[in-house]
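Chemist: Compute the structure for the input listed below.
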Amino acid sequence: MNHFLKHKVTIILSIVCILFVLRTLPAQATTTIGELYITISDAIMESKKEENAKTLEALESFEKQWTEMNFSESEAVKQINKAYTGAYNAKNSKDRLEYLQKLAKGLAALEKEQNPVDEKAERTNFGVKIQPAIDQMNDIIATNDQDAILLGYSKFLASWKKNERPVRELDIASYGKIETQVAFMRISLAEDELDVEQLQGQFNALIKAINDFVANKVVQGTTGNYSLATLIGLLKESKDQISEGSYDVAANELVKFIEIWPNVEGDIRTKNAGLYTRIESNIPLLVSDLSKNTVDEKRITESINSFIKEIELMQTTSNYTYWDSALILLREGLEALLIIIALLAFLKKANQENQKKWIYLGAFAGLAVSAIAAIILSTILQSVSAGTSREMMEGYVGLGAAVLMIGVGVWLHNKSSINSWNKYIQTQMNHAISTSSILSMAFVSFLSVFREGAETIIFYAGIAPKMSTLELSIGILIALVILVIFAVVLLKVSGKIPIHRFFIVATILIYILAFKIIGVSVHTLQLRNVFSMTTVDHLPVISSLGFYPTWETIVPQILLIGIVIWNFVRKK
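Modeler: The predicted structure is shown next:
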């Protein structure tokens, strides 16, 4: 038994080595500064919520991306490295947030280093481009023609959106002032009766903000420790005021939302451009709707609820835990372990124990080919994802792994499939022993291990990108300990353990993990605008189970539950 355990532990440790090799394979340097901004934005958002563990996780992701880019030494690079070290080692959330903001500024400085611009020329050029739209809008407001003003505003807005980039990148305070006045003008234009004088005053304030930016004047922006949680709080307060009939107070809460929005919008714009556009377009209209003589309370409340739900979905982090990691290796490792034990027991029964070394040889060959397949898979994924969004690729790979898990649960790991598999092994072993074919005996062992190894690798490809190396490692170690204990127990009480019942439990757990992977993967693709996001009211977000209250995530999860129920009913 000790001899067997020695070889078995060696095989299991080899699996660990393969998984760590996969985790540390060199990636092509496809990360962009824009992706670094997104990662730091995640870290800032989590820091504002005082989610220290998640903040550090985002920082670790940043470090990996940053190291991959391998920039030459410069002042901006030194600033980034110093800010990163300070953020990672900060003792509290307040200090960490300050370092993270310095890190974001360092990235901006690096971007300027890599793509040097003449800031004064950029400001002047913006003023030249926007001036015709300003002149045209001023002339149209003077006509007092509401239809013409609406059309003129649309044209001005199009010009602003086309040319806003240098304002947003060079001076966030000026950008906030301009965006706020643009929103206030939209509110005025949506009123039942247009107050032209008020509209002109708002436009004059907008012109001043533009001129201040062009002249490089210091603009005092709206400051504070704002986050997505701040926006959600304002929306909920507005909704509560509506339910009490205090429409003016509710409108004021939405005005505060508009004023704060430029400081937080980057968290949403980089992840969900569709939601960003809807918020900018519709929140000012809701303010106007609350000021009308007849307020459609139900419609406005539904709109606010929809925004609350979508922003809450932006706050969730789609990550896996060490239990998810452990489950995969435990499920596939146990089956491989049981098959190897069955092969060794068969040799013992046939008085062919001297041939067991070929079982071990076949098992090691199965591990080696699994490793090669993993490297090929990793290379293909890197090639396909080069120049595309990494998060999109993670979503697609996750869905692929979930589909395979369902297939494994339905076809490969049900009772009839295992019986067929065992019958096949017995036939092959009888043939190997009767012909004394060493290659045949090794091939049976190889095929058994490779089948499980290939599945394990693909499953890990679906979850590894969304968990830290530490979590992955802990999960693997937990699974290894359980596998070793199981091997010892199985050898002592061989034949007394109801293996088929164990596989029923293990298969249910695999289905639960498939449920989570489907939800996480679809949600990831929703945030990249691959799938739409149709929220469902009154349902919570349970990210630990991969449950997100949108029809796009719920429907495939319901189908999975249906498949599981059908499979178990069919087998009774």
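
Chemist: measure Ile512 to Ile518 for me?
Modeler: Going from Ile512 to Ile518 by CB to CB, to the nearest Å gives 11 Å. In this view, the C-beta of every residue, glycine as well, is placed from N, C-alpha and C.

Chemist: buried stuff in stretch 114-134?
Modeler: Using 16 or more other CB atoms under 10 Å as the test for burial, stretch 114-134 gives Glu122, Arg123, Phe126, Gly127, Ile130, Ala133, Ile134.

Chemist: average pLDDT across it?
Modeler: Mean pLDDT, stretch 114-134: 86.

Chemist: ditto for stretch 323-339
Modeler: 71.

Chemist: Just list the residues touching Glu98, thanks.
Modeler: Residues counted as contacts of Glu98 (CB atoms under 8 Å, 6 or more residues apart in numbering): none.

Chemist: right, and the secondary structure at it would be what?
Modeler: Recorded secondary structure, Glu98: helix (DSSP: H, G, I helix; E, B strand; the rest coil).

Chemist: Please determine how far it is located from Glu193.
Modeler: Taken as CB to CB, the span from Glu98 to Glu193 is 48 Å.

Chemist: moving C-terminal of the helix or strand of the chain with the lowest mean pLDDT, what's the next helix or strand?
Modeler: Least confident element among the helices and strands of the chain, by mean pLDDT, DSSP states H and E: helix 2-23 (a mean of 45). Using DSSP states H and E, the next helix or strand after helix 2-23 towards the C-terminus is helix 33-48.

Chemist: and that following helix, C-alpha only, in CSV?
Modeler: Extracted in CSV, the C-alpha atoms of helix 33-48 (Å, rounded to 0.1, in the frame of the first residue of the first chain):
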residue,chain,number,x,y,z
ILE,A,33,-2.8,51.5,-20.9
GLY,A,34,-6.6,51.7,-21.2
GLU,A,35,-6.9,48.2,-19.6
LEU,A,36,-4.6,49.4,-16.8
TYR,A,37,-7.0,52.3,-16.2
ILE,A,38,-9.9,49.8,-16.0
THR,A,39,-8.1,47.7,-13.4
ILE,A,40,-7.2,50.7,-11.3
SER,A,41,-10.8,52.0,-11.6
ASP,A,42,-11.9,48.6,-10.1
ALA,A,43,-9.3,49.0,-7.3
ILE,A,44,-10.5,52.6,-6.6
MET,A,45,-14.2,51.5,-6.5
GLU,A,46,-13.5,48.6,-4.1
SER,A,47,-11.3,50.9,-1.9
LYS,A,48,-14.1,53.4,-1.6
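
Chemist: So which bits of it are buried?
Modeler: For helix 33-48, by 16+ other CB under 10 Å, it's 35-48.

Chemist: quick one on the thing from earlier: Ile512 and Ile518: who's more crowded?
Modeler: Ile518 (25 against 16; other CB atoms under 10 Å).

Chemist: do you know how far the more buried one is from His538?
Modeler: 22 Å.

Chemist: Please apply the same query to Asp42.
Modeler: 28 Å.

Chemist: Also Leu525?
Modeler: 24 Å.

Chemist: higher neighbour count, those two?
Modeler: Leu525 (22 against 7).

Chemist: any low-confidence regions in the stretch 401-550 of the chain?
Modeler: 401-442, 444-445, 447-469, 490-507, 509-510, 527-529, 544 (pLDDT under 70).

Chemist: 50 instead, please
Modeler: Residue ranges of the stretch 401-550 of the chain with pLDDT under 50: 411-413, 415-417, 435, 495.
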